[in-house]
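**Q** no letters, just coordinates:
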């Protein structure tokens, strides 16, 4: 799986796959882990295409956030579609993540 990323200053923006599930999470986390090891500690997940989630996929997002926090970094989410917003509300993940409507706002929040 190809993970598209962009860097804005010291912020890595990673575009999540259409499905954040047990099938896609390991490859996605592996790709981001390599970036974290290279020193990218401020990460924004651009989730505008993600419309399917399962418990493994959501757990992997929490684990990624905790991994970044443990090394002094931070994870923020942008562009979550309505389906994703409802999933985050029902699972109360909306209280565990900073969620922004636009990637520009999420990146700017690191300053």
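**A** Structure's in. What do you need? Nothing here was measured: the structure is a model prediction, and the numbers come from that model.
**Q** strands along the chain, start to end?
**A** With strands called from DSSP state E, the chain shows them at 5-8, 11-15, 19-20, 42-46, 52-53, 74-78, 98-100.
**Q** make TSV out of those strands and add mean pLDDT, mean neighbour count and distance to residue 92.
**A** C-beta: built from backbone N, CA, C; applies to glycine. Converted to TSV, these look like this (pLDDT from 0 to 100; neighbours: other Cβ atoms under 10 Å; distance: least, Cβ to Cβ, whole Å):
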stretch	mean pLDDT	mean neighbour count	distance to residue 92
strand 5-8	94	14	28
strand 11-15	96	20	23
strand 19-20	92	20	17
strand 42-46	97	24	18
strand 52-53	94	16	14
strand 74-78	98	21	14
strand 98-100	97	18	12
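**Q** relative to residue 63, which of those is closest?
**A** Counting by Cβ to Cβ, residue 63 lies closest to strand 74-78 out of the strands of the chain; the figure is 10.2 Å.
**Q** and the angle from that closest one to strand 11-15?
**A** Interaxial angle of strand 74-78 relative to strand 11-15 (axes from the mean of the first three to the mean of the last three Cα atoms, to 10 degrees): 50 degrees.
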